[in-house]
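A.B. asks: Generate coordinates for the sequence data below:
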Amino acid sequence: MSGITDLDALREAMAENSERPEGPARNARAEELLAAAEQLNVPLAVIEALGHQVKVYNYSSEKGKMFVPFARLLRLWDERPEDFDEFEAHSLHWVFKWVSSGMLDQPHIPLASIEGWLGEMERRYRLAGYSEGAVRSAEHSVAAHVGDVARAERAYAAWLAADRDAMSDCHACELHAQGWWQAELGRDEEALELWRPVLEGRYTCAHEPHTVLASSLVPLLRLGRRDEARANHLRGFRLVRAMESMRGAYAEHVEFCALTGNEARGLELLAERPAYFTDDGQPQSRLDFLSAVTLLMDRLTGLGLGDRRVPGPAGREWTARELAAHARAEALALAARFDERNGTTRVGERARARMAQKPLADRLPLGVRSVGPAPAPAPPPVPASVAGEPDLPALLAEARRLSNHLQPHAMEAWAAVARAAEGVELDPRDRAEIADHEAMGLGPAGAALFERAAGLYAEAGDPGEALAARARAAYVRALGGDIAQAVAAVRGPYEEVLALYADGGTGTRQTAAVLMGRARVLLRRAHAAEGSAASAVHGAAEAAVREVLALVDGRTGQDVRLAARAAEAQAMLAELAGLRGDLAAAVELFARGAAAFVAAGLPWFAVEYEARLASLAHHLGDMAEAERALRAALEHGGAQLEAPGRAQLHLQLAELLGGRDEVAEAAQHALEAAHWADEAGESATLGAWARQQLGGFLLRQGRWAEAAEVLESALPDLTAETHGDGAVVQTMWWLGDCLSELGEHRAAAERRLQAAGIARTWPEQHDHATLAHLAGESLGQAGLAAEAERAYTRAGDLWRTLGNPHGLVRSLRARAWLALRTQDGTAAARLLMAEALRECETARDAAADEASRRGFVEELGHTHRQFGDLLARSAGEGDADAPPPALLEEALAQLLRSAEVFASLGDGVLHSRTAAELTAGWLEIELGRLTEARARARGVLAAYEAYDGTDAGGTGLEEAVDDAAGEAVRARRAEAEHLLRVAAEDRA
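C.D. replies: Just a heads-up that it's a prediction; the model follows:
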């Protein structure tokens, strides 16, 4: 314990230990500090060290260890209360609450001992003059734990009726406990209403809103408020992730994942905290955790994933099924110990109910990527008419019905026919249709099978369908890139079917199939055509498409296949219009084609063309039509829309909505895009894009914690090769902004420096300069002054190179404030501020226009203002470079100069001018110039006589705008009136 030679050194060491992460290392250090305190021969040192030990044990997984040091503290109090100062006496009584609740969490402590301790707490609080509120709160906890609802309700009412005093928990903690009780009784609405001030940030503490966010998850899900539940999970898990003592809250996040279809994320949470399976210092939170684990493992097993490897207790590998059995047995054994101690069944019943919960949402996308094992997608539904034992005639009938009407799952139905037909003698027609549909699923590899189907159709006496199959073979060859062969191959079927149709040897449907096959082949050729031949090739393709339309026109009737040919032909004309550069015509024709599919009762076929229409409309600047088409595509795709396409559509709609600042709905679509990209197996590509956009939209709504979680999830997948380094930099930039807002300044600096490192290589250096400056801000706020100085210097050099005086001046001012933190720093700070003033004046004198000149003059006013503030701060801290009066005089001169500069710009910067004048007035009071101070206050009040609190008086650089303008007026008036009163009192 070298270095701890007196009480001050001990206090410093305990303060440092309090800042360390929760856990065994911090606890061990507290034990070392107690040993050191005992060597000082100072009773208060031992008392404070024992109190520190109780605190760190309470906020750790070794909570059960706090009883011994507390008992020792209590004995010291009873023997020599005079050794306790006021703070330690208060702390001793405060910790009674921790001990009471902590005993409940330990099943080996008899209930009679807990009740006795509760009585002792009541006696001591009464003697000390405290309200009974904290005692009744503790009694309520005991009654609720054992399941004595009547007593719990009486204690709850007495708790609410009691006066708040120095022993009352903070508002946030009390509201959490009160809301928890309401939720336990099934009063979810009441619970959430009690928690609202905590969730909104009005009441906070070291462990709130952490636990309220966790406790709110299931009540929100039960009420169907899923968006709030998602947001609270992302916010709350970020808070509890690093806090070892919050196993109970952590368990509620695992439970949330199990109840919302986020099993993969639940597994990730288990993997992050392996010690939670076995740490036994707080049995109640272990019971909560194991109950949530059981729920998650049962869910996985129910999804057919019982044999999947999952994170579990160290020392062996676990499957979901094995861990479910283990966690259930451990949880029920713990619950039985509590119930045996309590003489009731309440704890066991609650654990069983928690483990038996059913999902509250089949799918609740979170926006973050989960890489653990996830349930396999459900297979396509088997048509009801063919469910059960395969019956070949029924299977054939159903497959023909689906394919004749172009219904979803027709291909699956034909595959079922093929499986059932193995080893069965079929007639040529049946075999032809089986081969035909099998070929349709093979793409370019299906040409030979199409030819085989053509032969079987011919054998069955259907020459028209045989020609259609040959045309399909030609088309898939074109898809494979052999366009010349495809054009040659389709010529024969085309000529033959026209002759056959003219003789009445085949129907319109078969003829249309051949003509459409030819049109598709020629369209493929048109896409590949270049140079002078392109026009003729395009013309031939258009003629082929119009031939299809001429054939089916007026003949579609109730034949959806012919209606589909007409709709597709319109879309093909749209493609050709696009190829020749007539994008407006392409938009109109795609719209016609999509509408025709919808009218035919085939909306899922419209999706492809509505998506292409949206892209063209966006290119033409018609955002309303682009939005309409995207929404229509999502609606028409319905359940048939495959995951990749659904992700693309949602992402495009998100970007469009975000572009016009409708960020709330944009975030919803980006969230859906991320989910469907994950479902499609494209997490690292399309999913990363979606998450990046989602993070940006959340940031724009001020939802910093949610945005940070999403952006951190996206960042590992974003690469310069796939997404571009601009996307990587933007993500780091946004993430740095979020972390800064959350107070995580060191992490924010790291992200901003990483982004700056990439932007350093770009030809345009404005982003590099901005990021370097932001990194300086974060480093300074993290207490890393030397690193911040380097970042600001780098930013200033870049601003100078870029010819940006505003950026340069702000970097110089920031460096001046940093310099003030160093020993004898006033001289260096003064030099930097003086340089900033010179840069402002130089830029003002060289301004190219009046607007620029005014901007530089305003920057000059702010620099004088900050120079004055800096010198006043230096005087207040007793800097030795000059006597405080001299520094105050210099500061006052800078502030008065600031006010003069702002005055030269008129009322547009009135708030800036009055702020400088009020600060000058306070300095004048410090210097004993009361008359001048009063005159300054009256001048400010006169300046606002014409304002009613709703007019900002103009806006300028760094000025308040919108609703904040009226608040600025009220604030200036209030400060001026206060200044006037203080100056008058000093005179008296």
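A.B. asks: Which positions within whichever strand or helix holds His52 qualify as buried?
C.D. replies: When secondary structure is defined by DSSP states H and E, His52 falls within helix 43-58. Across helix 43-58, burial judged by 16 or more other Cβ atoms under 10 Å covers 45-58. Every C-beta, even on glycine, is put in place using the N, C-alpha and C of the backbone.
A.B. asks: now swap in stretch 255-264 and tell me
C.D. replies: Neighbour-count burial for stretch 255-264 [16+ other Cβ under 10 Å]: 255-264.
A.B. asks: now do the same end-to-end measure for that stretch.
C.D. replies: 12 Å (Cα to Cα, to the nearest Å).
A.B. asks: circling back to that earlier point, any chance of the buried residues of helix 43-58 in JSON lines, with pLDDT too?
C.D. replies: Converted to JSON lines, the buried residues of helix 43-58 look like this (pLDDT from 0 to 100):
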{"residue": "Ala45", "pLDDT": "93"}
{"residue": "Val46", "pLDDT": "94"}
{"residue": "Ile47", "pLDDT": "93"}
{"residue": "Glu48", "pLDDT": "92"}
{"residue": "Ala49", "pLDDT": "94"}
{"residue": "Leu50", "pLDDT": "93"}
{"residue": "Gly51", "pLDDT": "92"}
{"residue": "His52", "pLDDT": "94"}
{"residue": "Gln53", "pLDDT": "93"}
{"residue": "Val54", "pLDDT": "91"}
{"residue": "Lys55", "pLDDT": "91"}
{"residue": "Val56", "pLDDT": "90"}
{"residue": "Tyr57", "pLDDT": "89"}
{"residue": "Asn58", "pLDDT": "84"}
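A.B. asks: Centroid-nearest residue for the protein?
C.D. replies: Among the residues of the chain, the one closest to the centroid is Glu706, at 3.1 Å (Cα atoms, centre = their mean).
A.B. asks: Just list the residues touching that residue, thanks.
C.D. replies: Glu706 is in contact with 231, 234-235, 367, 698, counting by Cβ atoms under 8 Å, 6 or more residues apart in numbering.
A.B. asks: Can you say which of these are buried?
C.D. replies: Counted by 16+ other Cβ under 10 Å, the contacts of Glu706 give 231, 234-235, 367, 698 as buried.
A.B. asks: Can you pick out the most distant pair from those residues?
C.D. replies: Using Cβ to Cβ, the pair of the buried ones among the contacts of Glu706 lying farthest apart is Arg235 and Gly367, separated by 12.5 Å.
A.B. asks: The spatially closest residue to Tyr57 that is not a sequence neighbour: how many residues sit nearby?
C.D. replies: Distances taken as Cβ to Cβ, 6 or more residues apart in numbering put Met66 closest to Tyr57, at 3.8 Å, once the chain neighbours are dropped. Each residue near Met66 was counted by other Cβ atoms under 10 Å, and the total is 23.
A.B. asks: Next, the contact list for the residue lying closest to Tyr494 once chain neighbours are set aside, please.
C.D. replies: Closest residue to Tyr494 apart from its sequence neighbours, by Cβ to Cβ, 6+ apart: Arg518 at 4.8 Å. With contact taken as Cβ under 8 Å, 6+ apart, Arg518 is in contact with 471, 474, 490, 493-494, 544.
A.B. asks: among the helices and strands of this structure, which one scores worst on average pLDDT?
C.D. replies: None of the helices or strands of the chain scores lower by mean pLDDT, DSSP states H and E than helix 963-987, at a mean of 84.
A.B. asks: what comes into contact with whichever helix or strand Ala670 is part of?
C.D. replies: Using DSSP H and E, Ala670 sits within helix 663-679. Helix 663-679 has contacts (Cβ under 8 Å, 6+ apart) with 363, 365-367, 369-370, 377, 643-644, 646-648, 650-651, 653-655, 657-658, 683, 685-687, 689-691, 693-694, 697-698, 700-701.
A.B. asks: tell me what whichever helix or strand comes after it is packed against?
C.D. replies: Proceeding N to C from helix 663-679, the next assigned helix or strand is helix 688-700, under DSSP H and E. For helix 688-700, the packing partners by 3 or more Cβ pairs under 8 Å, 6 or more residues apart in numbering; DSSP states H and E come out as helix 643-659, helix 663-679, helix 704-714, helix 720-723, helix 725-741.
A.B. asks: switch to 6 Å and redo it
C.D. replies: The helices and strands touching helix 688-700, judged by 3 or more Cβ pairs under 6 Å, 6 or more residues apart in numbering; DSSP states H and E, are helix 643-659, helix 663-679, helix 704-714, helix 725-741.
A.B. asks: In CSV, list these along with distance to Arg524 and mean pLDDT.
C.D. replies: Output for the helices and strands packed on helix 688-700, formatted as CSV (distance: least, Cβ to Cβ, whole Å; pLDDT from 0 to 100):
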stretch, distance to Arg524, mean pLDDT
helix 643-659, 21, 95
helix 663-679, 29, 95
helix 704-714, 37, 96
helix 725-741, 34, 97
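A.B. asks: so can I have a markdown table of the ones you listed showing distance to Arg308?
C.D. replies: Shown next, in a markdown table, are these (distance: least, Cβ to Cβ, whole Å):
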| stretch | distance to Arg308 |
| --- | --- |
| helix 643-659 | 21 |
| helix 663-679 | 17 |
| helix 704-714 | 22 |
| helix 725-741 | 31 |
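A.B. asks: And the helices in the stretch 301-450 of the chain, which stretches?
C.D. replies: 320-342, 346-355, 392-404, 410-420, 428-440, 447-459 (DSSP state H, counting those that start in this stretch).
A.B. asks: I'd like the C-alpha coordinates of the first one written as CSV, please.
C.D. replies: Translated: helix 320-342. Extracted in CSV, the C-alpha atoms of helix 320-342 (Å, rounded to 0.1, in the frame of the first residue of the first chain):
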residue,chain,number,x,y,z
ALA,A,320,-29.8,-25.5,-27.3
ARG,A,321,-31.6,-28.6,-26.1
GLU,A,322,-28.9,-29.4,-23.5
LEU,A,323,-28.6,-25.9,-22.2
ALA,A,324,-32.4,-25.6,-21.9
ALA,A,325,-32.5,-28.7,-19.6
HIS,A,326,-29.5,-27.5,-17.6
ALA,A,327,-30.7,-23.9,-17.2
ARG,A,328,-34.2,-25.1,-16.2
ALA,A,329,-32.9,-27.5,-13.6
GLU,A,330,-30.5,-24.8,-12.1
ALA,A,331,-33.2,-22.2,-12.1
LEU,A,332,-35.9,-24.4,-10.5
ALA,A,333,-33.3,-25.5,-7.9
LEU,A,334,-32.6,-21.9,-7.0
ALA,A,335,-36.3,-21.1,-6.9
ALA,A,336,-36.9,-24.0,-4.6
ARG,A,337,-34.3,-22.7,-2.2
PHE,A,338,-36.0,-19.3,-2.1
ASP,A,339,-39.5,-20.9,-1.6
GLU,A,340,-38.2,-23.1,1.2
ARG,A,341,-36.7,-20.1,2.9
ASN,A,342,-39.9,-18.1,2.4
